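Chemist: Predicted coordinates and the sequence they were generated for:
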Amino acid sequence: MNFSTEDILLGSSVLLMISILISKSLGRFGIPALVLFLGVGILAGSEGIGGIYFDDALTAQSLGTIALAIILFSGGLDTRWESTKPILWRGITLSTLGVFITAMLVGLFASYLLGFSLLEGLLLGAVVSSTDAAAVFSILRSKNIGLKNNLRPTLELESGSNDPMAYFLTVSFTFLLTNEEASVWQLVPMFFLQMSIGTVMGVVMGRTMGWVINRIKLEQDGLYPALTLAMLFFTFSFTNLISGNGFLSVYIAAVILGNRNFIHKGSLTKFYDGLAWLMQILMFLTLGLLVFPSQVLPVIGMGLLISLFLIFVARPVSVFIGMSFFETSLQDKLYVSWVGLRGAVPIVFATYPLLAGVERSDMIFNIVFFIVLTSVMLQGTTLSVVADWLNLSQQDNTPKKVRVGEDLGYDAKNSLVELYL
């Protein structure tokens, strides 16, 4: 069946409105909005009431990659250096060593449980090894969860910076499975090259973006979002072109830009916050359309076992090892272990072996989808409860502040403060 442009726009707008309305009405019951968006996509799919047939993994992957770059950029703009600096190394350790340990443990368990080869099991572990920035940002911020001991910036930094590691592992194991003559030792220099180039490009482009925005003096204010969007995509694509990690460069560039003074800072931050939500919705809707529930049902048993192993064994072990280098309490480690939310990113990463023609990639994709669904439903709905149980939640009474002159690029010391009397 061929769809016209008008048909696609009509269907997209209806799904978008339905998703937002459902998230508004059911969100009060503690159900994460991301699950609702995914559910709407499934219901609209070929095996749902909508009957929309969609099995284009390449389109889903392309949309997911663009969406993830925008979500990481938005999250980076909101990352405050003063709150991130004290926990910088803790977050980096979790986003590198923690992701690696999680991938190895899940990979070994999946190989034993499913009868996969070691590389196939490690590929599955790599795909689900990172926490999802979209899920963590949206749930922590929408529920306005206040946490003690700098846990919130730790979790946001980890979720924003661990996708590059998971991406590298996913692409690497896919490469090894499709190139039998390749050696694992080829990946070591590739890892350091990608991360180094990504870091350098992020720093350079973060400073360049601030300089360009403040000096270009565009006559139309509406062009500034378009300019920054162009620089965002340039950062991502050019970094990948020179063999760097584009996701890492985008996040670092956004963190650097967000902690500098530039004109229209407030309006641009709000623009990217709204755009990130739109990307999250579109990404979950698309991935919902891509899933065929009849293919997921046969792997529910295995998916549940792997999901429980990930939540209760692999994630806690990686967190306890990663945070053992720092002075943290048992409650902190337990809570960080619990906030190991998996979202749309693992589903996007699962399309890489699918498109590469890796054997059993269909099974891996369906298992990953079930793991994500379990994680968001179980962990995403209990973040506040677990924080209260561990005595880590706190009332956020920080007064709202608006920096005077911020949108004009001034480093003003005056603020407009909202107080409750």
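Modeler: Received it, and whenever you're ready, just let me know what you need.
Chemist: from here on, contacts and neighbour counts on C-alpha atoms
Modeler: Fine.
Chemist: Show me which helix or strand of the chain is least confident by mean pLDDT.
Modeler: None of the helices or strands of the chain scores lower by mean pLDDT, DSSP states H and E than helix 133-142, at a mean of 63.
Chemist: Tell me which residues are up against the helix or strand that that one is followed by.
Modeler: Going down the chain from helix 133-142, the next helix or strand is helix 151-161, by DSSP states H and E. Here helix 151-161 makes contact (Cα atoms under 8 Å, 6 or more residues apart in numbering) with 72, 75-76, 79, 83-84, 87-88, 90-92, 94-95, 130-133, 136-137, 140, 146, 248, 251, 332, 336, 339.
Chemist: make it 7 Å
Modeler: Outside helix 151-161, the residues that touch it by Cα atoms under 7 Å, 6 or more residues apart in numbering are 72, 75, 83-84, 87, 91-92, 94-95, 131-133, 136-137, 248.
Chemist: Could you pull up the mean pLDDT of it?
Modeler: Taken as a whole, helix 151-161 has a mean pLDDT of 84.
Chemist: Tell me the buried residues in the following helix or strand past that helix?
Modeler: Following helix 151-161 in sequence order, the next helix or strand is helix 163-178 (DSSP H and E). Neighbour-count burial for helix 163-178, counted by 16 or more other Cα atoms under 10 Å, picks out 163-177.
Chemist: Do a quick rundown of the helices in the stretch 1-150 of the chain.
Modeler: 5-26, 33-44, 57-77, 81-84, 88-93, 99-114, 118-127, 133-142 (DSSP state H, counting those that start in this stretch).
Chemist: Which one, of those, ends up nearest to residue 181?
Modeler: Residue 181 lies closest to helix 118-127 among the helices of the stretch 1-150 of the chain, at 13.6 Å (Cα to Cα).
Chemist: What is the closest one packed up against?
Modeler: Counting contacts by 3 or more Cα pairs under 7 Å, 6 or more residues apart in numbering; DSSP states H and E, helix 118-127 packs against helix 99-114, helix 163-178.
Chemist: do you know which of those lies nearest residue 231?
Modeler: Of all the helices and strands packed on helix 118-127, helix 163-178 sits nearest to residue 231, with 19.4 Å by Cα to Cα.
Chemist: So for whatever helix or strand residue 195 lives in, mean pLDDT?
Modeler: In the assignment (DSSP H and E), residue 195 maps to helix 187-216. Averaged over helix 187-216, pLDDT sits at 92.
Chemist: Now do that helix against helix 163-178, angle only.
Modeler: 140 degrees (axes from the mean of the first three to the mean of the last three Cα atoms, to 10 degrees).
Chemist: who touches whichever helix or strand comes after helix 187-216?
Modeler: Next along the chain after helix 187-216, taking DSSP H and E as the criterion, comes helix 223-241. If you take Cα under 7 Å, 6+ apart as the criterion, helix 223-241 is touched by 198, 201, 205, 245, 246, 247, 249, 250, 268.
Chemist: Between helix 187-216 and helix 223-241, find me the angle.
Modeler: Counting by the same axes, to 10 degrees, helix 223-241 points 160 degrees away from the direction of helix 187-216.
Chemist: can you state the direction angle for helix 223-241 and helix 57-77?
Modeler: Going by the same axes, to 10 degrees, helix 223-241 makes 120 degrees with helix 57-77.
Chemist: The closest residue to residue 162 other than its chain neighbours - how many residues pack around it?
Modeler: Leaving out its chain neighbours, the residue that sits closest to residue 162 by Cα to Cα, 6 or more residues apart in numbering is residue 95, at 4.1 Å. Close neighbours of residue 95, defined as other Cα atoms under 10 Å, add up to 27.
Chemist: tell me the contacts of residue 95?
Modeler: With contact set as Cα under 7 Å, 6+ apart, residue 95 has these partners: 158, 161, 162.
Chemist: ok, of these, which one's closest to residue 119?
Modeler: Residue 119 lies nearest to residue 162 out of those, by Cα to Cα, at 21.1 Å.
Chemist: Could you verify my assumption that that closest one touches residue 130?
Modeler: Yes: Residue 162 lies in contact with residue 130 (Cα atoms under 7 Å); the separation is 5.8 Å.
Chemist: quick revisit: do you know which of the helices and strands packed on helix 118-127 lies nearest residue 374?
Modeler: Closest to residue 374 of those is helix 99-114 (Cα to Cα; 15.5 Å).
Chemist: Where do the helices of the stretch 251-400 of the chain begin and end?
Modeler: Using DSSP H, counting those that start in this stretch, the helices assigned to the stretch 251-400 of the chain run over residues 265-290, 293-296, 300-309, 315-322, 330-338, 344-349, 351-356, 361-378, 383-389.
Chemist: Quick one: closest of the ones you listed to residue 182.
Modeler: The nearest among those, by Cα to Cα, is helix 351-356 at 15.5 Å.
Chemist: Tell me the gap between the closest one and the middle of its chain.
Modeler: The chain centroid and the centroid of helix 351-356 are separated by 19 Å under Cα atoms, centre = their mean, to the nearest Å.
Chemist: Packing partners of it?
Modeler: Other elements packing on helix 351-356 under the criterion 3+ Cα pairs under 7 Å, 6+ apart are helix 361-378.
Chemist: now the helix it packs on against helix 163-178, angle please.
Modeler: 160 degrees.
Chemist: tell me how far helix 361-378 is from the chain's mean position?
Modeler: Helix 361-378 sits 15 Å away from the centroid of its parent chain (Cα atoms, centre = their mean).
Chemist: Can I get the contacts of residue 95 in CSV including distance to residue 278 and neighbour count?
Modeler: Listed next are the contacts of residue 95 as CSV, based on distance: Cα to Cα, whole Å; neighbours: other Cα atoms under 10 Å:
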residue, distance to residue 278, neighbour count
158, 22, 28
161, 21, 27
162, 22, 27
